[in-house]
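Enquirer: following is a predicted model, sequence given first.
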Amino acid sequence: MVVTVYSTSWCPDCTRSRRVLTNAGIEFAEIDIEKIPGAEDEMRAHNGGSGKVPTILFAGNNIEPVILIEPSDAELTDALNRLSVHA
């Protein structure tokens, strides 16, 4: 399972989601959409055109990709449990 977090440096929801993932021991790739050219377009291609961050993408073999947009801590934790994402 690959977890990718599209974020910005100033976003409090991004900070919160990073904390949830880190506390759960989940490794993730973080892409700052303001620093990496083309990253915002890539994020929007995944999430139906939304400019909201964080956008979190769960992808891997044998699963349909799952995308969370501005998830609450409970929504993110539920997704980790449902998808059996473990450290």
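Expert: Received it, and whenever you're ready, just let me know what you need. Computed from a predicted model, the values in this text were never measured in an experiment.

Enquirer: dump the residue contacts of Glu34.
Expert: Thr8, Ser9, Glu40 (CB atoms under 8 Å, 6 or more residues apart in numbering). (Glycine included, C-beta is placed from N, CA and C.)

Enquirer: so who does the second one touch?
Expert: For Ser9, the set of contacting residues under the criterion of CB under 8 Å, 6+ apart consists of Asp32, Glu34, Lys35.

Enquirer: relative to Asn81, how far out is the second one?
Expert: In other words, Glu34. 31 Å (CB to CB, to the nearest Å).

Enquirer: quick check: buried residues in stretch 70-81?
Expert: Neighbour-count burial for stretch 70-81 flags Glu70, Pro71, Leu76, Ala79, Leu80 (criterion: 16 or more other CB atoms under 10 Å).

Enquirer: remind me which helix or strand the third one belongs to.
Expert: In this assignment (DSSP states H and E), Leu76 forms part of helix 73-82.

Enquirer: who touches that helix?
Expert: By CB under 8 Å, 6+ apart, the list of residues contacting helix 73-82 reads 16-17, 20-21, 24, 26, 56, 58, 66, 68, 71, 85-86.
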